[in-house]
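Chemist: Attaching a predicted model along with its sequence, questions to come.
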Amino acid sequence: MHTSEKLGYEQKRQELCKFVKKNYVDAFDLKPCTMLDAGCGDGFWSEIFNDLGFSVTGVDISPFEIGAAIALRPDSIDFHVGNVMEEMPFDSKQFDLVFARTLPMFHEADLTRANRLIDNLRQYGNYLLFSIYNRPDLGMQGHLYHYIKDDYVYLLDSHNKIDRVKEHNHYLQIGFRCDT
Ligand SMILES: C[S@@+](CC[C@H](N)C(=O)[O-])C[C@H]1O[C@@H](n2cnc3c(N)ncnc32)[C@H](O)[C@@H]1O
């Protein structure tokens, strides 16, 4: 089963669309622009941004998820199989915005890979927006480790470019300038 099917996103599409508008677009003053959805899964969130006027490219390591994305989403979205931790088939600074939602690198008991992820993604865009499922009250849940917000803020701030941090329910959003 692909991600949005597993998580029942389609049934909550209207609600999730409002979530994107309020907590991503308005909260970070995003204007329609070129965008990379890094770790896009089956492209559910890519499609919402596409509907809001963004020009979206999605990338995911899973050929299964990308196959579903190509089958399910509008042709205007370009999907690729690729590894967000390594070189990807995009130009340096190709995108105005790189968006990465609920990627596993933020939930490992050592933030080294999250650091590597940031270093890699920043090459491809001018602004990076992370949305992290954040339940520090749960500590270790299954294979997911939950940090307190300060750990993520410290990590991002160590790159000296943090723009703003917002929280909504159990999601932590961090916007990060990577224009240099
Ligand atoms: C929890 S899902 C989130 C999918 C989507 N971003 C969302 O919020 O619904 C994590 C996604 O990250 C992808 N992923 C994990 N490691 C990756 C990597 N190194 N490169 C690209 N995608 C990766 C997985 O295949 C999966 O689709």
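Modeler: Great, that's in hand. Residues are numbered from 1 along each chain as shown.

Chemist: ok, which residues in the protein are in contact with the ligand?
Modeler: Counting by Cβ under 6 Å from any ligand atom, the chain comes close to the ligand at 3, 39-41, 44-45, 60-62, 65, 83-85, 101-104. Every residue, glycine included, has its C-beta placed from N, CA and C.

Chemist: Identify each of the strands in the protein and give its residue range.
Modeler: Taking DSSP state E, the strands of the chain run over residues 34-38, 55-60, 78-81, 95-101, 125-133, 140-141, 144-145, 162-168, 171-177.

Chemist: Comparing these, which yields the minimum mean pLDDT?
Modeler: Among these, strand 140-141 carries the lowest mean pLDDT, a mean of 89.

Chemist: What strands flank that one, and is each parallel or antiparallel?
Modeler: The pairing partners recorded for strand 140-141 under DSSP bridges are strand 144-145 (antiparallel).

Chemist: where does the protein dip in pLDDT?
Modeler: 180 (pLDDT under 70).

Chemist: at 90 what do you get?
Modeler: 2, 138-139, 141-143, 156-161, 178-180 (pLDDT under 90).

Chemist: so how far is residue 173 from the most centrally placed residue in the chain?
Modeler: Among the residues of the chain, the one closest to the centroid is residue 100, at 1.4 Å (Cα atoms, centre = their mean). Distance of residue 100 to residue 173, given as Cβ to Cβ, to the nearest Å: 11 Å.

Chemist: Residue 132 too?
Modeler: 8 Å.

Chemist: And these two? Which one has more around it.
Modeler: Between residue 132 and residue 173, counted using other Cβ atoms under 10 Å, residue 132 has the larger neighbour count: 22 against 19.
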